[in-house]
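Participant: prediction below, plus the sequence it came from.
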Amino acid sequence: MDFTPTPEQTAARELAAEIFGDLSTPERLADRGADTDTALWKELCTAGLPGAVAETGLLGLVLMLEEQGRTTAQVPFAASCVYGLLAIGAHGDADQRARLLPALGDGTAVATGAFPARPGGVRAWPDAPRRQDAPRRPEGSRRPEGPRTAEAPPTANGPRTTDGPRKTDGPRNTDRRARLTGCVPVVPWLREATHVLVPDGVTQTLWLLRTDAPGVRRDPVETTAPWSAGRLTLDDAPAEQLGPDASAARRPATHPYADVLATARTAFAGLQAGVCAGALARAVSHTLTREQFGRPLSTHQGVQLRAADAHMDTEAIRLTAYEAAWRRDAGLDAGEQALTAAWWAAEAGTRVVHTGQHLHGGVGADLGHPVHRHFLWGRQLASYLGSGAEVLEELGQLLTTRDPRAAQAQATQATQPAQAAQATQPTQAARNPTAPTAPTAPSDPHTRHEEAAS
């Protein structure tokens, strides 16, 4: 693994840092309240940063989301890129990519996702097209009782199969369209979204629908962080399927729902790394200038230890997110790595934002202080897409049920690029042929303040 960013990724990160630093200031955030910063979102889209994700990959998105997290900018950057650009780019058909990606790239369309899927949350029913002169089906036959399919829900590594022929309760939906019914209590950035990616609560098939379609209702919901969230209620809402069969997928054969969920966990872990880095940088700045008993707070050993632990936690979140993103960009399975990054984002992220607020003393309890925003964002991200306990349980199930032969083949595939890179550098290998190859992290000028506390 090599986490050194490409020139395109570096340029995108530096541009994101400049825009977020200039426009997402504490004073501007205080004036905006809980509303989305539409001017900032327009500036990001004008600079081409959402559209650049197709070129920079998930790792490039993680690098840009770190910069957003440092300033807690109130824009749907992560949601629109993950549930829109990356999901449609990886699993959409040619028509969907041509029709949706340009609008998502320039910001005229915004996507979000009703993730993760919950049993009984949303169900999809076939909606095959018919001629205008064709007779309508009786009302009572539109929604058959009982499960629509005998398929078992997929795992993180792909769909499970069942013995025997597939059974359905109606005609096969060859048009890949359906009607959705159900409710999702909280969907981030739903109030700003034009499209929502919704997984079926039983089969976990992905469905894409417009928020202005008939049968779609959005009710505002206030969350811990100001994410412009909403309650999504669907009543026979029309939707189109996202995700072809595995043989037609553009990425390696993996279930679309599992891939999008792993991508989202990786991206939001990168956002959490930025939130933690910003909270810690503020804590370091405060303890360097705030004096107690005639000397700065940063000279006290207890403060140094807390800041050092927070710095290590932040680095753990960052590096695990980098690894998961790198593996996905390399075409490797990243299910385990995404769960690992999500666990660190939940557990370590909570510790870091608490530390940042604690090191501010009584000032940290002020709801109007900038560090409190990092606290709110850190707590929101820690529970989004699964708490630490839920993620850890899912990771344990994945590790204990995977095929050992597949895991061995995956490990061999992952080492081939590193072996090829070593072969091109014989001088370095000759100096120390037994030394393991360590991943290199990109230099980050923002960590200088963090390291000062440790």
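Facilitator: Looks like it arrived, so ask away.

Participant: could you use CA atoms for every contact and neighbour count after this?
Facilitator: Noted.

Participant: for whichever strand or helix holds A273, packing partners?
Facilitator: For A273, the element it lies in under DSSP states H and E is helix 256-289. Judged by 3 or more Cα pairs under 8 Å, 6 or more residues apart in numbering; DSSP states H and E, helix 256-289 is in contact with helix 49-71, helix 77-80, strand 295-296, helix 301-329, helix 335-358, helix 370-383, helix 447-453.

Participant: can you check which of those gets nearest to D236?
Facilitator: Of all those, helix 77-80 sits nearest to D236, with 24.4 Å by Cα to Cα.

Participant: how near is F268 to Q380?
Facilitator: F268 sits 11 Å away from Q380, going by Cα to Cα, to the nearest Å.

Participant: what about those two, which has more around it?
Facilitator: Ranked by neighbour count (other Cα atoms under 10 Å), F268 and Q380 place F268 first, with 26 against 18.

Participant: distance of the more buried one relative to A342?
Facilitator: 8 Å.

Participant: report the buried residues of the helix holding A273.
Facilitator: 256-288 (16 or more other Cα atoms under 10 Å).

Participant: could you do stretch 204-213 as well?
Facilitator: By 16+ other Cα under 10 Å, the buried positions in stretch 204-213 come out as Q204, T205, L206, W207, L208, L209, R210, T211.

Participant: same deal with stretch 37-49?
Facilitator: Of the residues in stretch 37-49, D37, L40, W41, L44, C45, A47, G48, L49 count as buried by neighbour count, 16+ other Cα under 10 Å.

Participant: and the two most separated of those residues?
Facilitator: Spanning the widest gap among the buried residues of stretch 37-49 are D37 and G48, at 16.9 Å by Cα to Cα.

Participant: coming back round to it: distance to R97 for the buried residues of stretch 37-49 - can I get that in TSV?
Facilitator: Putting the buried residues of stretch 37-49 into TSV (distance: Cα to Cα, whole Å) gives the following:
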residue	distance to R97
D37	27
L40	26
W41	22
L44	21
C45	18
A47	21
G48	18
L49	18
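
Participant: ok, of these, which one's closest to S24?
Facilitator: Closest to S24, out of all of the buried residues of stretch 37-49 and judged by Cα to Cα, is L40, at 7.6 Å.

Participant: which SS class is Q241?
Facilitator: In three-state terms, and counting by DSSP: H, G, I helix; E, B strand; the rest coil, Q241 is strand.

Participant: OK, contacts around it?
Facilitator: By Cα atoms under 8 Å, 6 or more residues apart in numbering, the contact list for Q241 reads R176, R177, A178, T205, L206, W207, L208.

Participant: what's the separation between the closest residue in space to P214 that isn't next to it in sequence and T56?
Facilitator: Spatial nearest neighbour of P214, chain neighbours left out: A237 (5.9 Å); criterion: Cα to Cα, 6 or more residues apart in numbering. For A237, the distance to T56 equals 34 Å [Cα to Cα].

Participant: so where's this protein uncertain?
Facilitator: 128-175, 244-254, 403-454 (pLDDT under 70).

Participant: which residue is the nearest non-sequential neighbour of the residue most central in space within the chain?
Facilitator: By Cα atoms, centre = their mean, the chain has its centre lying nearest to A264, at 2.5 Å. Closest residue in space to A264, ignoring its immediate chain neighbours: V82 at 5.9 Å, by Cα to Cα, 6+ apart.

Participant: all good on my end, thank you.
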